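>>> Build me a model from this:
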Amino acid sequence: MAATLPGTVDFVIVGGGSAGCVLAARLSEDPQVQVALLEAGPPDTSVLIHCPAGLALLAKNGQDNWGFHTVPQAGLNGRRGYQPRGKVLGGSSSVNAMIYARGHRSDYDRWAAEGNAGWSWDEVLPYFRKSEHNERGADAFHGADGPLNVMDLRSPNRFGPVFVEAAKQAGYPENRDFNGPEQEGVGLYQVTHRNGERFSAAKAYLAPNRHRPNLHVVTGAHATRVLLEGRRAVGVAYRHGGQDKELRARREVLLSAGALLSPQLLMLSGIGPAEHLREHGIAVAHHLPGVGRNLHDHVDVVQVVDAPHLTDLFGLSFTGIVNAIRGIFEWRRQRTGLLTTNFAEAGGFIRSAPEEPLPDLQLHFVIGKLVDHGRKTVFGHGYSCHVCLLRPKSRGTLTLDSADPMAAPRIDPNFLADPDDVTRLVRGFKVMRRILEQPALSGLRGRELAASAGARDDAAIEAFIRGHADTIYHPVGTCRMGSGPMDVVDAQLRVRGIEALRVVDASIMPGIVGGNTNAPVIMIGEKAADLVKAANADPAVRPAPAVEAVAA
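Residues are numbered from 1 along each chain as shown. Next up, the predicted model:
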């Protein structure tokens, strides 16, 4: 990274998360192009990021994490949900559970069928392969030459295969590759690790390229608005080191701040629902009513089993502390052992009912007791299982709570508003329980926690879900891609009605994918980089006059 940030670059990227890191790396491949990446959080130097098991603490202590909360959710008995998002280089890829899952091919075919040319499964698969270095090797579905390392867990816990065996006893097929020809089945997840460490988008895309003189990475830079001249984006205003600064873009501004912050930044810039902007005293630059609409997320509920005698599971006890200390030394010496876990080591994609045409549920089997989704500290050892609804019908909103650019947005996923979501999640809970009651796991002599153990009929299960469900951290859709009146970006990811401005992150998804969202966002970044390069290959594109350099 250059010591001085020019006052004008070709491309300004807002957000150093998964998509932003991809864009920065790919666009700066051209040495004639100046690229600046603004990230609100710090560099990714914390050992809690690089040690995979550190994710357990990252979610709790708020380090490198925006730590947002939803508004009270009527569908969750008025509870406020937790929305952790990465505030650090690498974004949420630096704080997530590192599962590499792409979703179902039909998810992308549905995007294309809704009018988004170029986004079918056959058209996005090359970008998944381009991004991937799978340690199993290349094949028709996987790449082996990409920046993102994908591998099997280095030191898997012995209980992941036990869960897989229980699921097989319940009648579900084993699947060794959820990203291969078929998604359905149960098995061990592949992860974005390398050599026993987390391998975030920052490690994959930024770290190898930070030496490029045309790539400028600025951390602690909180974007406050997009600079507009008429209907053209010409730069970004941001706050850095307590000072308000501006950075101009000769060619394009690319928003990759995520599904919660990209729409907020658009609205702070006067782009969004006009009436809502006026309520907050923001001058309307462009009425775009779909900004912040279509928010949806994977709603999820957890069953927890207490098994205090299984001390090789994670847990807070004397033995657990000793195991953790030993694990720290082993990880520091060899990058192997207990602390290489991503906790959710096993899981699968299954149907809530035989008549479903494709998997509508995802399972994450966790080698620890996740009370309140892991936010509460509990004593003892045990295991947990998440069941999440892959394609919820409920839709919410992301709106401004204030015109203050440093304030959090108002997040309302509207969880469980659609009755179909409740029906499917009740079925999913029963499926999950049936798996956990199979001999492979029941023989471990664990005991389901009382909070869920008494929920046996549908009404009681629904009550448990409403009292305990929350997100599994995959918000999408708030800058929806499409050609309808409520869509925000077109199939080229260009903001409708504004020149030289694109959104490149999970917010553009028309509908959530049936799986974890990190790999799809990296794919979106790869495809967007090619779209941007193609659009700017025209020799008629000429740099604007430079302005005075400012210190980074």
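
>>> Only C-alpha atoms from now on, for both contacts and neighbour counts.
Will do.

>>> which residues of the protein score low on pLDDT?
Counting by pLDDT under 70, the chain shows low-confidence ranges at 1-3, 61-62, 373-374, 538-552.

>>> in the sheet, who's paired with residue 361?
Taking DSSP bridges, one finds residue 350, residue 389 as the beta-bridge partners of residue 361.

>>> Use 5 as the first number from now on
In the new count, where the first residue is 5, that last one comes out as residue 365.

>>> Go ahead and confirm it touches residue 432.
Yes - if you go by CA atoms under 8 Å, residue 365 and residue 432 touch, sitting 6.7 Å apart.

>>> so what's in contact with these two at the same time?
Both residue 365 and residue 432 are contacted by 356, 391-393, under the criterion CA atoms under 8 Å, 6 or more residues apart in numbering.

>>> Among those residues, which one lies nearest to residue 328?
Within the shared contacts of residue 365 and residue 432, distances to residue 328 taken as CA to CA reach their minimum at residue 391, with 27.5 Å.

>>> and the closest one, that one's in a strand?
Yes - assessed with DSSP: H, G, I helix; E, B strand; the rest coil, residue 391 lies in a strand.

>>> returning to that earlier point: closest to residue 221 out of the shared contacts of residue 365 and residue 432?
For the shared contacts of residue 365 and residue 432, the minimum distance to residue 221 (CA to CA) is 36.0 Å, reached by residue 392.

>>> What is the burial count for the closest one?
Other residues lying near residue 392 total 29 when counted by other CA atoms under 10 Å.

>>> Just send the shared contacts of residue 365 and residue 432 back as CSV, with distance to residue 451 too.
Converted to CSV, these look like this (distance: CA to CA, whole Å):
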residue, distance to residue 451
356, 24
391, 18
392, 22
393, 25
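
>>> Show me which of residue 365 and residue 432 is the more surrounded one.
When residue 365 and residue 432 are compared for neighbours, residue 365 comes out ahead with 29 against 26, by other CA under 10 Å.

>>> mind listing what the more buried one touches?
Applying CA under 8 Å, 6+ apart to residue 365 gives the contacts 353-356, 391-394, 432.

>>> same thing with residue 235?
Residue 235 is in contact with 289-290, 501-503, counting by CA under 8 Å, 6+ apart.

>>> What of residue 169?
The neighbours of residue 169, taking CA under 8 Å, 6+ apart as the test, are residue 444.

>>> let's go with 6 Å and repeat that
For residue 169, no residue counts as a contact, taking CA atoms under 6 Å, 6 or more residues apart in numbering as the criterion.

>>> cool, residue 23 as well?
With contacts defined as CA under 6 Å, 6+ apart, the neighbours of residue 23 are 509, 525-526, 529.

>>> Can you list which of those are found in helices?
Among those, the members found in helices (DSSP state H) are 525-526, 529.

>>> Closest one to residue 215 out of those, please.
Within the ones in helices among the contacts of residue 23, distances to residue 215 taken as CA to CA reach their minimum at residue 529, with 21.0 Å.

>>> which residues does that closest one contact?
When the contact criterion is CA under 6 Å, 6+ apart, the partners of residue 529 are 23, 26-27.

>>> In the sheet, which strands lie alongside the longest strand belonging to the chain, parallel or antiparallel?
When every strand of the chain is counted residue by residue (DSSP state E), the longest turns out to be strand 247-259. In the sheet containing strand 247-259, the strands it pairs with under DSSP bridges are strand 12-18 (parallel), strand 236-244 (antiparallel), strand 505-507 (parallel).

>>> could you redo the contacts of residue 23 as TSV and give each row distance to residue 386?
As requested, the contacts of residue 23 are arranged in TSV below (distance: CA to CA, whole Å):
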residue	distance to residue 386
509	36
525	33
526	34
529	38
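
>>> Relative to residue 264, which of those residues is nearest.
Distance to residue 264, by CA to CA, is smallest for residue 509 among these, at 10.2 Å.

>>> Can you name the helix or strand that the nearest residue in space to residue 472 that is not next to it in sequence falls in?
Once flanking residues are discounted, residue 472 sits nearest to residue 305: 6.4 Å by CA to CA, 6 or more residues apart in numbering. In this structure, residue 305 is located in strand 303-310 according to DSSP states H and E.

>>> what's in contact with that strand?
373, 386-393, 450-453, 473-476.
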